[in-house]
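Participant: My questions are about this predicted structure, shown below with the sequence.
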Amino acid sequence: MSLTNLLVPTFTQMLGALSGWLDKARSQLPDAEAEALLKARLAPDMFPLSTQVRFACVQAMEAAHRLRGLDFPPTIAELLAEGRSGEGQPGTLADAQARIAQTIAFLSDLAPDALDVDPDSPIAHALPIGMVFDLTAQQYARDWALGQFYFHVMTAYAILRNAGVSIGKADYIPHMLPYLRQAPDQA
């Protein structure tokens with residue numbers, strides 16, 4: 001499987017699911033409570049929901065740029081800055097939805113083979129804390145990009161569930177529903 005075929009649909013589907021969860025929060029809670037969710041967190045030392053949404057978007061966009069060896073656009077720096085100040089400036093649910101839509105649009109504009117680089121090509125992934133991961137493109141996609149993306153998406157899901165938003169497995173995997181069929185009667 002190509003890296004494009006692995007990453008782009010995964011990012012797109014899960015960002016779409018995340019957007020759906022925010023829609024459910026908005027429809028299930030009074031406006032003030034729904035907006036207050038953006039400051040909710042699972043633990044005192046974790047980022048709030050607003051940051052989890054932004055960082056999920058960052059992971060998708062960053063992977064697409066890093067794998068192609070491109071400089072990051074200003075959008076990534078903006079998302080990171082917004083995320084780091086998420087508790088004090090969480091924005092609105094509409095802002096979160098707009099960032100998700102912007103990221104999905106970016107992904108949909110990629111060429112069908114945009115991320116199909118040599119899976120063994122080296123990637124030095126520098127962290128802001130002065131550490132560097134030396135990975136191949138395949139290792140980066142599998143072990144970093146997907147892992148970090150799912151961390152932020154799942155944390156957002158957990159925050160919403162913990163806050164009482166009624167979402168479940170079907171909300172987590174709505175992209176799987178077209179593949180669902182009734183099993184033959186086993187009786």
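Facilitator: Looks like it arrived, so ask away.
Participant: For the rest of this, base every contact and every neighbour count on C-alpha atoms.
Facilitator: Noted.
Participant: At which residues are the helices of the protein located?
Facilitator: 3-28, 31-36, 49-67, 74-84, 93-108, 137-139, 146-162, 169-172 (DSSP state H).
Participant: any idea how far the fifth one is from the chain center?
Facilitator: Going back to what we said before, that points to helix 93-108. On the basis of C-alpha atoms, centre = their mean, to the nearest Å, helix 93-108 sits 10 Å off its chain's mean C-alpha point.
Participant: still on that earlier bit, would you mind finding the most buried of the helices of the chain?
Facilitator: Among the helices of the chain, helix 49-67 has the highest mean neighbour count (mean count of other C-alpha atoms under 10 Å), at a mean of 25.
Participant: by contact count, what packs against it?
Facilitator: With contacts taken as 3 or more C-alpha pairs under 8 Å, 6 or more residues apart in numbering; DSSP states H and E, helix 49-67 sits against helix 3-28, helix 74-84, helix 93-108, helix 146-162.
Participant: To residue 67, which of those helices lies closest?
Facilitator: Across those, residue 67 has its closest neighbour in helix 3-28 (9.1 Å, C-alpha to C-alpha).
Participant: quick one: that closest one to helix 49-67, angle?
Facilitator: If you take axes from the mean of the first three to the mean of the last three C-alpha atoms, to 10 degrees, helix 3-28 sits at 170 degrees to helix 49-67.
Participant: what angle sits between helix 3-28 and helix 93-108?
Facilitator: Interaxial angle, helix 3-28 versus helix 93-108 (the same axes, to 10 degrees): 160 degrees.
Participant: pLDDT on helix 3-28, on average?
Facilitator: For helix 3-28, the mean pLDDT works out to 97.
Participant: how far out from the middle of the chain is that helix?
Facilitator: In terms of C-alpha atoms, centre = their mean, the centre of helix 3-28 is found 7 Å from the chain centre.
Participant: same thing with stretch 88-105?
Facilitator: Taking C-alpha atoms, centre = their mean, one finds the center of stretch 88-105 at 12 Å from the center of the full chain.
Participant: on that earlier part again, out of the helices of the chain, which comes closest to residue 129?
Facilitator: helix 74-84 (14.5 Å).
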